[in-house]
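Asks: What follows is a predicted structure for the sequence shown.
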Amino acid sequence: MKKLFVLVALAAAFSAQAATQQFNPSVVVSATMDGKGNAVIAWTDPMQVKAIEHYVGHGKKGGFVNTIPVGSAKQVVLKDIAKNGGRFNLVGTNGKYLHLECGGNPNTVMPTFKGLGNDCSFEVNGQKVGALVVQ
């Protein structure tokens, strides 16, 4: 019984330290084009976002991460996605990224995506890492 308690405590501690967080399908994350080549990314409560990391040219030479602070807004604009690409992820007010499933875990829950897809083509240390991409 003591071993079980230790394992449960370790699992809880790991979960508290996880770098990602999940939201259920009642949360909607959407992308709409503004007619000027920009994508407007919006999300619904209870998701609280501190920043969006726009992966400009991600995976290509010269690519970089553009961190866009959000403040109290419920949307942000990704500029010129034809040039900069439409890959990004959301960073919550708690510093955790939106968890995007790339490993086939059937227990993962994700928000409802509109105008977005989950792109798992980028790898870090051999592990697929998800990003949202404007469709």
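Replies: Sure thing, it's come through. Residues are numbered from 1 along each chain as shown.
Asks: can you pull out the strands in the protein?
Replies: 20-21, 28-33, 39-43, 49-56, 64-69, 75-78, 87-92, 97-98, 112-114, 116-124, 127-134 (DSSP state E).
Asks: The second one packs against which elements?
Replies: If I follow you right, that is strand 28-33. Applying 3 or more Cβ pairs under 8 Å, 6 or more residues apart in numbering; DSSP states H and E, we find strand 28-33 packed against strand 39-43, strand 112-114, strand 116-124, strand 127-134. Bear in mind the C-beta positions are built from the backbone N, C-alpha and C, glycine included.
Asks: Restricting to C-alpha, output that strand in CSV.
Replies: In CSV, the C-alpha atoms belonging to strand 28-33 read as follows (Å, rounded to 0.1, in the frame of the first residue of the first chain):
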residue,chain,number,x,y,z
VAL,A,28,-13.1,26.6,-29.1
VAL,A,29,-9.9,27.8,-30.7
SER,A,30,-10.5,29.3,-34.2
ALA,A,31,-8.7,31.0,-37.0
THR,A,32,-10.2,33.4,-39.5
MET,A,33,-8.5,35.3,-42.2
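Asks: in that strand, what counts as buried?
Replies: 29-31 (16 or more other Cβ atoms under 10 Å).
Asks: Kindly report the same for the fourth one.
Replies: Neighbour-count burial for strand 49-56, with 16+ other Cβ under 10 Å as criterion, is recorded at 49, 51-56.
Asks: show me what contacts the residue most central in space within the chain?
Replies: The residue lying closest to the centre of the chain (Cα atoms, centre = their mean) is Asn89, at 3.3 Å. Residues in contact with Asn89 (Cβ atoms under 8 Å, 6 or more residues apart in numbering) are 52-53, 55, 97-98, 100, 130-132.
Asks: re the thing from before, find the one among the strands of the chain with the highest mean neighbour count.
Replies: Of these, the one with the most neighbours on average (mean count of other Cβ atoms under 10 Å) is strand 87-92, at a mean of 22.
Asks: Point out where the protein drops to low pLDDT.
Replies: 1-18, 59 (pLDDT under 70).
Asks: quick one, what contacts Gly63?
Replies: Gly63 touches 55-57, counting by Cβ under 8 Å, 6+ apart.
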